[in-house]
Every structure is written in C-alpha cells, then in structure tokens.
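Visitor: compute the structure for the input listed below.
(one chain, ligands or ions: 1)
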Amino acid sequence: MKKLVFATNNDHKLRELRQILPSEFDLLNLNDIGCTDEIPETGTTLEVNAAQKSFYIWNKYGINCFADDTGLEIESLGNEPGVYSARYAGEERSAAANMMKVLEKMEGESNRNARFRCVISLVIDGEEKQFEGIVNGKILTKKHGEAGFGYDPIFMPDGYNLSFAEMPADDKNQISHRGRAVMKLVDYLKNIH
Ligand code: IMP
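Guide: As a prediction, the model looks like this:
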C-alpha cells in the first residue's frame with residue numbers, strides 16, 4: 001500500500017476521502033503520523049497556504065501528502081473573506097460570528113454573488129501539483145438549515161433552491177468546491193500509478 005498523508009485532523013474530510021481514493025492508497029491523517037504541530041498558515045492566498053501545509057509534512061516526515069485550503073469569496077466584498085474565512089470575525093473561529101459579520105456587511109446589497117474555492121496541494125516525491133474546485137452561488141439574507149458547517153446556512157449554490165445547510169451531505173459533496181477539487185486529485189492519483 002502507498003502511504004499518503006492528508007494534512008488534516010478533520011475526521012469527516014478523511015472518511016469521505018477514504019471512500020473514494022483508489023484502494024492501493026493507505027490514507028493517514030496528522031494523528032496517524034504523530035504530528036501535533038500547529039502547522040503554519042501564514043500565506044495571503046489559498047494556493048500558498050495549501051502548499052505551506054503539504055510541504056511542511058513532506059519536509060518534516062518525508063511522506064507523500066496533500067493539504068487543502070478553502071475560502072468563501074464574495075464579489076461585492078472584493079472577494080472577502082477569502083483566505084481569512086475561518087477567522088473572519090476573530091481568532092475564536094466562530095461560524096455564527098463569521099456569518100453574522102457577512103450578513104451585516106451585505107445588508108441592502110443586491111449583488112449576492114459568491115463562490116467557495118478550494119485548493120488542494122499534493123506533494124509526491126517532493127514535486128507539487130495543485131487542484132482547484134469552485135462552486136458558484138449566492139449569499140442569502142438570513143440563515144437557512146442546520147446541517148454542514150461554516151458558512152453553509154447562508155450559501156445557496158447556483159441551480160438549487162436550498163442552502164448548503166439544507167442539502168443532504170451526499171448531494172453537497174457532489175457539487176461542492178472540495179468535492180470538485182477532490183475528484184481532480186483522485187483522477188490524477190489513479191492515472192499516475
Ligand atoms: P478549510 O480550509 O477547509 O479549513 O476552510 C476554511 C474555512 O472556510 C472554514 O473554517 C469555513 O468557515 C469555510 N468553509 C470551508 N469549506 C466550507 C463548506 O463546505 N461550507 C461552509 N463553509 C466552509
């Protein structure tokens with residue numbers, strides 16, 4: 001089996017990927033390799049942050065790995081919160097506070113266009129390859145639904161009449177930014193080995 005580290009401790013993301021990766025890959029998370037470090041994420045773009053995380057693991061452990069970084073990009077806010085999505089309303093990383101900040105900033109705004117963008121950085125034998133996934137949609141004027149996480153209750157993907165937080169997880173994964181980036185990653189991994 002080929003060891004591949006996903007630089008995350010998010011069990012939900014890990015489980016999802018284990019189901020779709022080719023069976024020759026033994027997918028490990030940060031705990032599995034004994035990494036408890038606070039991996040720096042100091043870049044000003046998703047691309048830089050994702051690469052920072054994957055190269056951190058490659059440089060320290062010498063194991064092939066990948067890392068993801070996601071941002072919500074809102075057109076009328078100049079693509080904010082973007083790379084700062086997790087801590088938009090402060091270091092406590094509260095989803096409720098982040099959503100409230102977005103809704104307040106967009107009060108009365110008619111341009112509700114937004115997108116989630118996910119960048120995956122894969123490092124194989126020290127060589128990097130990136131994969132991008134995007135889902136376009138609109139910012140709602142209030143929260144809808146309870147499922148999911150982050151900004152899901154205020155984001156409605158184009159072509160649907162439901163917020164991400166009102167959709168079954170499988171449906172969201174099919175069309176989400178992360179789902180789309182992961183599909184590209186999996187296609188690539190299937191074809192190189
Ligand atoms: P991460 O890079 O996956 O940790 O995502 C950074 C931040 O973007 C998260 O803390 C969430 O606030 C937001 N985010 C990422 N993916 C999603 C999603 O699928 N739905 C809602 N918010 C998300």
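
Visitor: show me what contacts the residue in the chain positioned nearest to the ligand?
Guide: Using CB to the nearest ligand atom, the closest approach of the chain to the ligand is made by residue 150 at 2.3 Å. Where C-beta positions appear, they are placed from N, C-alpha and C, glycine not excepted. Applying CB atoms under 8 Å, 6 or more residues apart in numbering, we find residue 150 in contact with 72, 85, 86, 95, 98.

Visitor: which pair of these spans the longest distance?
Guide: 72 and 95 (11.3 Å; CB to CB).

Visitor: what's the overlap in contacts for these two?
Guide: 150, 151.

Visitor: more neighbours: the two, which one.
Guide: Here residue 72 and residue 95 are compared on neighbour count by other CB atoms under 10 Å; more neighbours surround residue 72, at 26 against 18.

Visitor: and the more buried one, that one's in a helix?
Guide: No: read with DSSP: H, G, I helix; E, B strand; the rest coil, residue 72 is strand and lies in no helix.

Visitor: before we move on, back to that, list just the nearest of the contacts of residue 150 to residue 168.
Guide: residue 95 (19.6 Å).

Visitor: residues touching that closest one, list them.
Guide: 149, 150, 151.

Visitor: ok, residue 113 next?
Guide: By CB under 8 Å, 6+ apart, the neighbours of residue 113 are 74, 75, 76, 136, 138.

Visitor: bridge partners for it, pull those for me.
Guide: Here residue 113 sits in beta bridges with residue 138, as judged by DSSP bridges.
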